[in-house]
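S.K.: Sequence isn't available, so here's the structure alone:
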Ligand SMILES: [Zn+2]
């Protein structure tokens with residue numbers, strides 16, 4: 001009898017629709033236009049987060065059961081939610097240094113330039129140097145270089161030097177020239193020119209190429225505090241733009257020490273996937289000490305060696321298989337010796353260290369594929385610490401079409417920067433000739449060949465804005481919508497592919513695809529929340545889209561006001 005009562009009551013209980021209990025979340029985001037980047041359930045309205053992880057993805061109604069008394073509910077009001085964006089190739093300290101010095105990108109006229117300099121000089125201490133970079137006069141009216149006398153009007157006492165965007169020239173004011181003892185008697189140094197006024201013979205302030213060094217060596221070197229501040233400012237800017245991780249393409253353990261200090265103090269929240277330069281002492285230290293993986297709440301990983309195998313296309317330093325079309329006497333040059341590289345690659349495979357190599361020209365790309373292939377053959381899977389090493393080629397800009405399938409075959413990841421294409425394609429046709437543009441910036445061909453293509457900005461070489469990169473990837477046009485001969489519009493990617501380029505594909509390239517990169521239950525709660533639906537709006541509107549909120553490890557680290 002007693003047993004029957006128990007059985008009956010259990011039966012009754014199970015029939016009564018008891019309120020479903022779910023663990024209560026720390027934050028529930030609702031009314032979102034959520035793209036998960038997961039092929040299983042691509043869209044959702046709401047996300048529940050507990051501690052650093054996603055515990056629910058689905059409808060607003062179903063999310064309600066995760067709302068407890070202490071849950072913060074964030075109404076996203078229809079804004080677009082994407083998995084936290086990752087910049088797969090950035091130079092974080094450089095981005096910060098650009099913020100610390102005067103950033104002159106987008107300066108529209110001489111008056112605009114002088115206004116920016118004046119604002120900075122007004123804040124400077126007496127005698128403090130004012131340095132900056134990024135102006136370019138080609139669109140000014142008239143398109144002429146600024147002079148020392150222009151700068152003297154806004155900075156009579158503080159020394160000033162401002163680099164042209166391309167780095168091949170700079171303008172200095174009279175105070176700077178005086179400190180550097182540059183006057184009408186100063187001869188041109190080798191590889192440079194001190195530009196002089198035609199009538200008086202006085203230096204006019206413009207210093208070309210090597211002549212910049214005459215003044216630049218007077219600028220005080222950065223201090224440790226400056227280096228720390230650069231990281232803080234770079235990380236702040238990145239988070240405000242919606243980046244949740246940057247993959248920092250090269251550097252040293254000095255920066256690693258700075259990151260550790262800033263994470264320990266809670267000063268920075270951005271995730272950093274750091275590479276150090278090799279072959280050489282930094283790489284040797286990584287090989288000897290082993291990788292740092294997922295420290296500070298999965299924020300800091302150091303497991304990659306960055307190699308540089310050639311120069312850049314603009315300065316004709318990219319190593320090509322044939323001569324430059326506009327300079328037949330040169331085909332560029334490799335910047336690393338195979339004999340230095342080989343033992344390091346073997347060691348890296350045995351010790352589970354990732355390698356990523358800068359390769360711009362088709363010769364550099366073929367060279368590094370050959371070297372990678374040789375090492376992979378020499379160290380069979382059984383002798384590797386990490387079976388699938390996910391080695392990368394950074395840029396992979398100009399690749400002979402025959403070499404494209406080799407990436408998939410060897411398991412090599414091309415890590416590419418969409419904005420480089422829409423800048424370079426203005427001069428690439430003359431450097432390379434139209435036929436060689438097939439296989440250049442070939443994002444879609446790579447994806448079709450069966451590899452993932454993580455997307456990055458290479459800031460501060462480029463602006464480093466996620467919306468510029470996303471736009472460049474899907475439009476393959478300049479920021480005004482222009483596309484020229486030989487731009488290969490068929491190499492643009494779809495929006496779904498572009499979303500993966502900045503989320504799950506960089507996660508894969510960092511061995512973090514199980515951890516982050518999509519909006520799925522169990523993954524780290526990294527979100528980039530935007531003012532418009534970049535998956536559907538007209539292309540040019542992508543450039544006007546703003547980041548309204550950035551979430552890292554379940555914490556709202558940026559909220560636009
Ligand atoms: Zn770079």
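M.R.: Happy to help now that I have it. Keep in mind the model is a prediction, meaning the values are calculated, not measured.
S.K.: Need the three-state assignment for residue 88.
M.R.: strand (DSSP: H, G, I helix; E, B strand; the rest coil).
S.K.: close enough to count as contact, it and residue 454?
M.R.: Yes: using Cβ atoms under 8 Å, residue 88 is in contact with residue 454, at 3.7 Å. For every residue, glycine as well, the C-beta is placed using N, CA and C.
S.K.: overlap in contacts of these two?
M.R.: Taking Cβ atoms under 8 Å, 6 or more residues apart in numbering as the contact rule, residue 88 and residue 454 both touch 247, 415, 501, 505, 506, 509.
S.K.: I'd like to know how many residues surround the fourth one.
M.R.: Yep, that's residue 505 we're talking about. By other Cβ atoms under 10 Å, the residues close to residue 505 number 25.
S.K.: Next up, the contacts around the residue of the stretch 451-561 of the chain at minimum distance from the ion.
M.R.: Closest contact between the stretch 451-561 of the chain and the ion, by Cβ to the ion, is at residue 458 (4.4 Å). Contacts for residue 458 (Cβ under 8 Å, 6+ apart) come out as 89, 90, 91, 249, 395, 417, 419, 420, 464.
S.K.: From the ion, how far out is the third one?
M.R.: When you say that, I think you mean residue 91. Distance, residue 91 to the ion, using Cβ to the ion, to the nearest Å: 6 Å.
S.K.: Kindly report the same for the first one.
M.R.: When Cβ to the ion is the yardstick, residue 89 and the ion sit 6 Å from each other.
S.K.: I figured that residue was touching residue 243, is that so?
M.R.: No: in this structure, residue 89 is not within contact of residue 243 by Cβ under 8 Å, at 11.8 Å.
S.K.: most surrounded residue in the contacts of residue 458?
M.R.: Of these, with other Cβ under 10 Å as the count, residue 89 tops at 32 neighbours.
S.K.: Which residue, other than its chain neighbours, is closest to it?
M.R.: Once flanking residues are discounted, residue 89 sits nearest to residue 456: 3.0 Å by Cβ to Cβ, 6 or more residues apart in numbering.
S.K.: again, but for residue 135
M.R.: Distance criterion Cβ to Cβ, 6+ apart; nearest residue to residue 135, sequence neighbours excluded, is residue 104 at 4.2 Å.
S.K.: Quick check on that neighbour: phi, psi?
M.R.: Main-chain dihedrals, residue 104, degrees, to the nearest 10: phi -100, psi 20.
S.K.: cool, residue 556 as well?
M.R.: Residue 556 adopts backbone torsions of phi -80, psi 110, taken as degrees, to the nearest 10.
S.K.: The strand ranked longest in the chain packs against which elements?
M.R.: Counting by DSSP state E, the longest strand found in the chain is strand 300-308. Packed against strand 300-308, as judged by 3 or more Cβ pairs under 8 Å, 6 or more residues apart in numbering; DSSP states H and E, are the following elements: helix 253-264, strand 271-277, helix 281-289, strand 292-294, helix 338-351, strand 354-359.
S.K.: quick one, which of these is packed in tightest?
M.R.: Ranked by mean neighbour count under mean count of other Cβ atoms under 10 Å, the helices and strands packed on strand 300-308 are led by strand 354-359, which reaches a mean of 26.
S.K.: before we move on, back to that, could you give the number of residues near the residue nearest to residue 135?
M.R.: Around residue 104 there are 20 other residues, counting by other Cβ under 10 Å.
S.K.: ok, back up a step: Validate this expectation: the residue of the stretch 451-561 of the chain closest to the ion resides in a strand.
M.R.: No: per three-state DSSP, residue 458 lies outside any strand segment and is coil.
S.K.: And for the helix or strand that contains residue 550, what's in contact with it?
M.R.: Under the criterion of DSSP states H and E, residue 550 resides in strand 547-552. With contact meaning Cβ under 8 Å, 6+ apart, strand 547-552 is reached by 49, 76, 79, 84, 239-244, 269-271, 466, 525-531, 556-560.
S.K.: rewinding a little: and the residue nearest to residue 135, what is it in contact with?
M.R.: By Cβ under 8 Å, 6+ apart, the neighbours of residue 104 are 113, 116, 132, 133, 134, 135, 162, 165.
S.K.: Keep only the residues you listed that also lie close to the ion.
M.R.: Among these, none lies close to the ion by the criterion of Cβ under 5 Å from the ion.
S.K.: farthest pair in the residues you listed?
M.R.: 116 and 165 (14.1 Å; Cβ to Cβ).
S.K.: From the contacts of strand 547-552, list the buried ones, please.
M.R.: In the contacts of strand 547-552, burial by neighbour count holds for 49, 76, 79, 84, 239, 241-244, 269-271, 466, 525-530, 556-558, counting by 16 or more other Cβ atoms under 10 Å.
S.K.: Among those residues, name the ones in strands.
M.R.: Per DSSP E, the buried ones among the contacts of strand 547-552 map to strands at 49, 243, 244, 271, 527, 528, 529, 530, 556, 557, 558.
S.K.: Please report the separation between the first and final residues of stretch 552-560.
M.R.: Start and end residues of stretch 552-560 are separated by 15 Å (Cα to Cα, to the nearest Å).
S.K.: So for that stretch, mean pLDDT?
M.R.: Mean per-residue pLDDT for stretch 552-560: 97.
S.K.: What of stretch 30-45?
M.R.: The average pLDDT for stretch 30-45 rounds to 97.
S.K.: Thought residue 120 was touching residue 130, still the case?
M.R.: Yes: here residue 130 reaches residue 120: they are 5.3 Å apart, a contact under Cβ under 8 Å.
S.K.: Please enumerate the shared neighbours of these two.
M.R.: Common contacts of residue 130 and residue 120 (Cβ under 8 Å, 6+ apart): residue 102.
S.K.: Just want to know which of those two has more residues nearby.
M.R.: Set residue 130 next to residue 120 and count neighbours by other Cβ under 10 Å: residue 130 wins out with 24 against 18.
S.K.: and that one, bridged to which residues?
M.R.: For residue 130, the beta-bridge partners are residue 160 (DSSP bridges).
S.K.: near the ion, which residues of the stretch 101-250 of the chain show up?
M.R.: Neighbours of the ion within the stretch 101-250 of the chain, by Cβ under 5 Å from the ion: residue 249.
S.K.: Right, and the ion sits closest to which residue of the stretch 101-250 of the chain?
M.R.: residue 249 (4.6 Å).
S.K.: Where do the strands of the stretch 1-150 of the chain begin and end?
M.R.: In the stretch 1-150 of the chain, the segments counted as strands under DSSP state E, counting those that start in this stretch are 27-30, 33-35, 43-44, 46-50, 53-58, 72-75, 80-83, 85-90, 102-103, 130-135.
S.K.: Let me know which of these is tucked in deepest.
M.R.: Counting by mean count of other Cβ under 10 Å, strand 85-90 has the highest mean neighbour count of those, with a mean of 30.
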